[in-house]
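Enquirer: pasting the sequence and the predicted model now:
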Amino acid sequence: MRIAVAGATGNIGSRTVAVLERDGHEVVRISRATGVDIATGVGLDEALTGVGAVVDALSAPPMDRDETVAYFGGTTRNLLAAEERAGVRHHVLLSILNVDRVEGNAHYAGKREQERLVAEGPVPWSIVRAAQFHDFAEMVAGWGERDGVVTIAPLLVQPVAPDDVAAVLAEIAAAEPRTDRLDLAGPEPQDLVDMARRTYEARGRSATFAPTWSGLFGPEMAGEVMLAGDGARLAPTTFDEWLAEQRR
C-alpha cells in the first residue's frame, strides 16, 4: 500500500516510516524537508496522489493554548481536505492517552481539537491514543534543568516504547479504518521523577531532582489520571528493557 506519514522526520514519524517500509509498503514522507508544508498546504495534493492511508504523527512547537489549538486545527483541516481530494481511504491520528481528562495543558487542548476534526471529518479514521513515551521523562527533565537542579512533576504514567507506538501505527494504517479510538500504553506504571533520574544515570549525567507541580504539568494530572484504563492495549516493552538499550 502507498502510505503517507506526516511528521516523517520526527521521533515517532521516522520510526513509523521504517516499520512500514520494512513491511513492504511504499511510504510518502510528508515534512517541510521534503517540500510539503501542512501548515500552508503547499505540496500536499501532489504528495497524496495515489495514497491509500495517512498517518498523522505531526508535533507542534511549544506555544500557548490558543496558538496550539490553532496550529493543530489548521494542519488537520489542510490534511483532511487534501486527503478528501485525493481519495485517501484512511486517516490515522496519533493522539495522547486520556487526552480528555486534562483541561489546563495547551498541548492536550490542541490534540483534542485534532481528534474532534478527524472524528467529524470526511475521511474514514482511526485514532491511537498513546501514553507518554519512554524518553518523555528525559525530555521533560531537560526543560526544567537549571544549574544542575531538575524541577519535574511527580506524574504517575504508564510509558510506552517509541518503537512499539510506531509498530501499532503501522499496523493500524495498513488495516481497515476503526472509526474508533485505541488506547495504547506500556505494561506497567512508572513515576516520572524516578524515570528521569534513572535515565540520567544511564546517560552518565548527574542532577538533583526536585518534584513540583509548579511547571507545565499541574495537580490535575496527579494520581491515576494518566494511567491506562480497562480495554487499553498494552505494548510489550518495559521501561527497564528500554533503559537497558540506552546503556549500550
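Expert: Sure thing, it's come through.
Enquirer: R22 - how many residues pack around it?
Expert: 10 (other CB atoms under 10 Å). In this view, the C-beta of every residue, glycine as well, is placed from N, C-alpha and C.
Enquirer: what score does it have for pLDDT?
Expert: Looking at R22, its pLDDT is 97.
Enquirer: go on, M63?
Expert: Reading off the model, M63 has pLDDT 82.
Enquirer: quick one: which helix or strand includes it?
Expert: According to DSSP states H and E, M63 maps onto no helix or strand at all.
Enquirer: assess the claim that it and F72 are in contact.
Expert: No. Contact criterion CB atoms under 8 Å: M63 and F72 do not qualify, at 9.9 Å.
Enquirer: neighbour-wise, which of these two wins?
Expert: Shown here are M63 and F72; by other CB under 10 Å, F72 has more neighbours (24 against 15).
Enquirer: tell me the contacts of the more buried one?
Expert: F72 makes contact with L58, A60, G110, K111, E113, Q114 under the criterion CB atoms under 8 Å, 6 or more residues apart in numbering.
Enquirer: what does P61 give?
Expert: P61 makes contact with Y71, according to CB under 8 Å, 6+ apart.
Enquirer: next: G110.
Expert: So G110 contacts A60, R65, T68, V69, Y71, F72, G73 (CB under 8 Å, 6+ apart).
Enquirer: and these as TSV, adding distance to S95 and secondary structure?
Expert: Shown next, in TSV, are the contacts of G110 (distance: CB to CB, whole Å; DSSP: H, G, I helix; E, B strand; the rest coil):
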residue	distance to S95	secondary structure
A60	13	coil
R65	17	helix
T68	14	helix
V69	14	helix
Y71	15	helix
F72	10	helix
G73	14	helix
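Enquirer: just among those residues, which is most surrounded?
Expert: F72 (24 neighbours).
Enquirer: quick check, pLDDT for that residue.
Expert: 96.
Enquirer: look up the pLDDT of the residue nearest to it when sequence neighbours are not counted for me, please.
Expert: The shortest distance from F72 to any non-neighbouring residue, by CB to CB, 6 or more residues apart in numbering, is to G110 (3.8 Å). Looking at G110, its pLDDT reads 95.
Enquirer: likewise for the one 5 residues further on?
Expert: Model confidence at E115, expressed as pLDDT, equals 98.
Enquirer: pLDDT weak spots in this protein?
Expert: 248 (pLDDT under 70).
Enquirer: which residues of it fall in strands?
Expert: 2-6, 26-30, 53-56, 90-96, 125-130, 145-146, 149-152, 156-157, 181-185, 190-191, 208-211, 233-234 (DSSP state E).
Enquirer: any chance of those strands in CSV, plus mean neighbour count?
Expert: What follows is these, written out as CSV (neighbours: other CB atoms under 10 Å):
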stretch, mean neighbour count
strand 2-6, 25
strand 26-30, 20
strand 53-56, 28
strand 90-96, 25
strand 125-130, 23
strand 145-146, 13
strand 149-152, 19
strand 156-157, 20
strand 181-185, 21
strand 190-191, 18
strand 208-211, 14
strand 233-234, 14
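Enquirer: nearest to V165, of those?
Expert: Nearest to V165 among those is strand 125-130; the distance by CB to CB comes to 5.0 Å.
Enquirer: surely A6 is in contact with L58?
Expert: Yes. Between A6 and L58 there is a contact at 4.9 Å, judged by CB under 8 Å.
Enquirer: and for the two, which residues touch both?
Expert: Common contacts of A6 and L58 (CB under 8 Å, 6+ apart): G13, I38, T75.
Enquirer: adding neighbour count, write these out as a markdown table.
Expert: Below are those laid out as a markdown table (neighbours: other CB under 10 Å):
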| residue | neighbour count |
| --- | --- |
| G13 | 24 |
| I38 | 24 |
| T75 | 23 |
